[in-house]
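> Next input, structure requested:
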Amino acid sequence: MHPSALVVWLAALPSILSWRAQSPARWRGTRGVALLGEQDVTEPAVARLFAEEMLREAHDFWAAPRDAGWVALDERPGLTVESIGVDEGPFAADGLLLMRAAATVRVAGAHAGGDWGARARTADAIFELLTSPRGYEIIDPLTEPDGHAAPLARVPGWRWPHGRLEVARAVTPSLPGLLAPREFCVLNAIDIHSRTFSSKSVRHASMPREEGPAAPVRFGVARAPGARRAINTFALRVSPADAGAHLEMLNYIDLQSHPAVSNTFCALFFRGVLIRLERQMRRDPLSLLV
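Here you go, the predicted structure:
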């Protein structure tokens, strides 16, 4: 388990236990949305096409106005978190929410009113950090760090020379008495030009297979002992801002447990990312002020 994972679990546990039995109805908003389903990534051309759909989906959700059905869950200086029900498409029956966040990332040494070039370089550096192995640990400290070190496969030829497309496998540890280990396989689409990163669960030969007549995945590798699948959609975008950068995120997670558990983890997720990111920048500010 990553050293910070236990801290994250313990911090989330009181909220999960108190909200587990609550209906998330007030979080669902007045309208629903559909998410792209899991794609069978069987060849590079499929991966490249799906990556374009992933980025388009993320940009559309960020562009949607709040009155399109979004509900504010958390509004504080420097961070806004909103949610909407996923009640259309392949995940409509799961009772889960898509959440988005807009955050201000404060950078020591960056000053309001600085020239555009300096602000753009700061945004570039933050995006580069967040799409590195260290950045993946900032985003998700629960995932075993070995999964961040190297992707299972690289897909060439996507948005060259500023695009990176990778297949990766993630395993999260168990929470005794609440959750067994979770594992999933994702397609990571990283576009440096737009500073956008989208990651989505896919079906791939390197992911854990499922047995039985109704199994959605009949190919793949052996499952980790005791583990269950999880499903995730995540995206982030970084843009220049005064005295730092603007960070937008999306997250949808299905832990294959009670919907309140998945929704609560999702709601708590964004503030944790911001705290860990700013902590990393305080430790190594020179890496951002390029």
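> Skipping its backbone neighbours, what lies nearest the most centrally placed residue in the chain in space?
Centroid check for the chain by Cα atoms, centre = their mean gives residue 234 as the closest residue, at 2.9 Å. Residue nearest to residue 234 in three dimensions, not counting chain neighbours: residue 199, with 4.6 Å by Cβ to Cβ, 6 or more residues apart in numbering. Where you see a C-beta, it was placed from the backbone N, CA and C, and this is true even at glycine.
> the bottom helix or strand of this protein by mean pLDDT?
Taking mean pLDDT, DSSP states H and E as the measure, the helix or strand of the chain with the lowest value is helix 5-19, at a mean of 46.
> if we can go back for a sec, name the helices or strands packed onto the helix or strand hosting the residue nearest to the centre of the chain?
Assigning secondary structure by DSSP states H and E places residue 234 in strand 231-241. Other helices and strands packing on strand 231-241, by 3 or more Cβ pairs under 8 Å, 6 or more residues apart in numbering; DSSP states H and E, are helix 44-63, strand 97-106, helix 116-130, strand 182-191, strand 196-201, strand 244-254.
> and the helix ranked longest in the chain with helix 116-130, angle?
The longest helix of the chain (DSSP state H) is helix 259-283. Comparing the axes of helix 259-283 and helix 116-130 via axes from the mean of the first three to the mean of the last three Cα atoms, to 10 degrees yields an angle of 120 degrees.
> tell me the mean pLDDT for helix 259-283?
Helix 259-283 shows a mean pLDDT of 89.
> again, but for stretch 204-219
In this model, stretch 204-219 has an average pLDDT of 57.
> One more: stretch 173-189?
Rounded mean pLDDT across stretch 173-189 is 77.
> distance between that stretch and the chain's centre?
Computed by Cα atoms, centre = their mean, to the nearest Å, the chain-centroid distance of stretch 173-189 equals 13 Å.
> Please apply the same query to stretch 118-129.
19 Å.
> same deal with stretch 61-74?
Put simply, stretch 61-74 sits 18 Å off its chain's centre (Cα atoms, centre = their mean).
> May I see the buried residues of that stretch?
61, 62, 64, 69, 70, 71, 73 (16 or more other Cβ atoms under 10 Å).
> And for stretch 44-64?
For stretch 44-64, a neighbour-count test (16+ other Cβ under 10 Å) marks 47, 48, 50, 51, 54, 55, 57, 58, 59, 61, 62, 64 as buried.
> Can you check the pLDDT for the residue lying closest to the first one once chain neighbours are set aside?
Taking Cβ to Cβ, 6+ apart as the measure, residue 47 lies nearest to residue 155, with 4.5 Å between them; neighbours along the chain are not counted. The predicted structure scores residue 155 at 94 on the pLDDT scale.
> ditto for residue 113
Looking at residue 113, its pLDDT stands at 55.
> circling back to that earlier point, figure out which of the helices and strands packed on strand 231-241 is closest to residue 280.
Across the helices and strands packed on strand 231-241, residue 280 has its closest neighbour in helix 116-130 (7.1 Å, Cβ to Cβ).
> Identify each buried residue in the closest one, please.
Within helix 116-130, the residues that count as buried by 16+ other Cβ under 10 Å are 119, 122, 123, 124, 125, 126, 127, 128, 129, 130.
> Closest one to residue 101 out of these, please.
Ranked by distance to residue 101 (Cβ to Cβ), the buried residues of helix 116-130 are led by residue 130 at 13.6 Å.
> so who does the closest one touch?
For residue 130, the contact set (Cβ atoms under 8 Å, 6 or more residues apart in numbering) comprises 138, 139, 197, 236, 238, 277.
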